[in-house]
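A.B. asks: Here you go, sequence then predicted model.
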Amino acid sequence: MNNSRKAHSGDTVKVHYTGKFDDGSVFDSSKDREPLQFTLGKGGLIKGFEEAVEGMAEGEAKAVKIPSDKGYGLRMEELVFKVKKEVFPPAIEKKIGALLELRQPDGGIMEVQISDITEDCVVLDGNHPLAGKDLLFEIEVVEIS
C-alpha cells in the first residue's frame with residue numbers, strides 16, 4: 001500500500017468502520033463484510049464521517065467522535081405525530097419499531113418508524129433513528145483510487 005497517498009475530495013475511497021454509541025455498544029460495522037466504498041465530497045455519507053476520512057492515508061486508522069449536528073442531525077419533535085388507530089390502515093401491522101413509508105402531498109416519500117402505540121393512537125417518528133446522538137467511529141482506510 002502507498003501510505004503517502006491521502007484521501008481528498010473526488011477520490012473513491014474504501015473504508016472499514018465500526019460505529020458505536022457513547023456507552024460502547026456497536027450500532028453498525030463493516031468488519032464482517034466488504035469495505036464501504038464512496039466518493040469523498042459527494043455528500044453520500046454524513047458530513048462528519050466524510051470530514052474524518054478527508055486527509056487520511058491508505059492503511060491509516062483512527063477513532064473520531066461525530067457530534068449529532070454533523071451526523072444525522074438533531075431530533076425534531078415536529079417529526080413525531082400521532083395517528084388515531086381507527087384511521088390507521090388495518091392491513092399494516094401495528095408493531096413498535098416497524099418502518100413505514102408515507103406519501104407526502106408533494107409526492108415525496110417520508111420514512112417513519114412506529115415509536116409507540118397507545119390505547120387509541122399509533123405514534124410515528126420521522127426522525128432518523130440516530131438523530132440527536134453523538135457517534136463514535138473507528139475508521140480504517142483500505143484503498144484510495
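C.D. replies: Everything's here; your move. Residues are numbered from 1 along each chain as shown.
A.B. asks: okay, CA-based contacts and neighbour counts for the rest of this
C.D. replies: OK.
A.B. asks: wait, doesn't residue 72 sit right on residue 49?
C.D. replies: No: counting by CA atoms under 8 Å, residue 72 sits too far from residue 49 to count as a contact (10.7 Å).
A.B. asks: So residue 4 is in contact with residue 55, correct?
C.D. replies: No: using CA under 8 Å, residue 4 makes no contact with residue 55, being 10.4 Å away.
A.B. asks: okay, now the nearest residue to residue 13 once chain neighbours are set aside: neighbour count?
C.D. replies: With sequence-adjacent residues excluded and distances taken as CA to CA, 6 or more residues apart in numbering, residue 13 is closest to residue 144, at 4.6 Å. Here the number of neighbours of residue 144 (other CA atoms under 10 Å) works out to 22.
A.B. asks: need the contact list for residue 144.
C.D. replies: Shown in contact with residue 144 (CA atoms under 8 Å, 6 or more residues apart in numbering): 5, 6, 7, 11, 12, 13, 14, 58.
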